[in-house]
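Asker: Model the structure of this input:
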Amino acid sequence: MVSVIFPAAGAGRRMKADRNKVLLELSGVPILLRTLRRFSAVPAVAELIVVVAKDEIAFVEEMLEKAQGLKPWRVVQGGAERQYSIANGMAHLAADADIVLVHDAARPLVSLAAIEAVISAAREKGAAIAAVRAKNTIKVVGEDGRVEATPSRASLWEVQTPQGFRREILQRAYEKAAQDGFLGTDDASLVERIGEAVFVVESDYGNLKITTPEDLWMAEALLAHSEKL
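Answerer: Residues are numbered from 1 along each chain as shown. From the prediction side, this is the model:
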């Protein structure tokens, strides 16, 4: 059984909005709802766990109760950090969930192909992440602003979500991080530090994370283009 955790408890200050960014509308539909519908369209997905701030739980539950076409869902309280929110989500997983995906609620344009590919790779290999090849040259820069190195772009990938894991691997990674007081940049970083291999599944550049007003404009354009195809 595949369960998906959607961290959505952030304040989203860079969006400069008066509410949680995932509650903003993208072409007339809340971003969060668009994201959940994408995953609900994947046959293997059986459970959706949405993690939000305490004062948003009732609002989100009411919104989802009115929505159609969603897989079974539950809304749980988030924590002060993204990592703590996901840990709270994991505490509410169904007993028979064996594959756990984590996906940014603010990535509503993820393709069904990417979701299915991450699920398949997680089942086969234990841990997999959606990513795209880096387009731009990346520099390693010191604290004084001096360029220290230019890594080969051929080996650089920009990481997205979903990230998928066998449940027991992700649980061990989170337990170890909690013991050590470690905060990672993503779930894969927690899995990497317990010595488990993480594999890349190539996604697409349209799977953007809506973080700023400019991202919302871009998402509107991408959505309008996809609907014309």
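
Asker: what comes into contact with the helix or strand containing residue 117?
Answerer: Per DSSP states H and E, residue 117 falls inside helix 112-125. Outside helix 112-125, the residues that touch it by CB atoms under 8 Å, 6 or more residues apart in numbering are 2, 38-39, 41-42, 44-45, 99, 101, 128-130, 162-166, 197, 199, 201, 203-204, 207. From N, CA and C alone the C-beta is placed, and that goes for glycine too.

Asker: Filter those residues down to the ones in strands?
Answerer: If you go by DSSP state E, the contacts of helix 112-125 have 2, 45, 99, 101, 128-130, 162-166, 199, 201 in strands.

Asker: Need the max-distance pair from the residues you listed.
Answerer: 45 and 199 (20.0 Å; CB to CB).

Asker: how close does residue 188 get to residue 214?
Answerer: 26 Å (CB to CB, to the nearest Å).

Asker: got it, and residue 146?
Answerer: On the measure of CB to CB, residue 146 and residue 214 end up 30 Å apart.

Asker: Restrict the helix holding residue 117 to CA atoms and write it as CSV.
Answerer: What follows is helix 112-125, C-alpha atoms only, in CSV (Å, rounded to 0.1, in the frame of the first residue of the first chain):
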residue,chain,number,x,y,z
LEU,A,112,1.5,11.1,-13.1
ALA,A,113,4.5,9.5,-14.9
ALA,A,114,6.9,10.9,-12.3
ILE,A,115,4.7,9.7,-9.4
GLU,A,116,4.4,6.2,-10.8
ALA,A,117,8.2,6.1,-11.6
VAL,A,118,9.1,7.1,-8.0
ILE,A,119,6.8,4.5,-6.6
SER,A,120,8.2,1.8,-8.8
ALA,A,121,11.8,2.7,-8.0
ALA,A,122,11.1,2.9,-4.3
ARG,A,123,9.6,-0.6,-4.3
GLU,A,124,12.5,-2.0,-6.3
LYS,A,125,15.5,-0.1,-4.7
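
Asker: buried sites along it?
Answerer: For helix 112-125, burial by neighbour count (16 or more other CB atoms under 10 Å) applies to 114, 115, 117, 118, 119, 121, 122, 125.

Asker: for stretch 153-164, same thing?
Answerer: 159, 160, 161, 162, 163, 164.

Asker: okay, it in CSV with CA atoms only?
Answerer: The C-alpha trace of stretch 153-164 is given here as CSV (Å, rounded to 0.1, in the frame of the first residue of the first chain):
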residue,chain,number,x,y,z
ARG,A,153,27.1,20.0,-14.6
ALA,A,154,26.9,16.4,-15.9
SER,A,155,26.7,15.1,-12.4
LEU,A,156,24.4,17.8,-10.9
TRP,A,157,20.7,17.3,-10.4
GLU,A,158,18.0,19.6,-9.0
VAL,A,159,15.9,17.6,-6.5
GLN,A,160,12.1,17.8,-6.5
THR,A,161,9.4,15.7,-4.9
PRO,A,162,7.9,13.2,-4.7
GLN,A,163,10.5,11.3,-2.8
GLY,A,164,9.6,7.7,-2.1
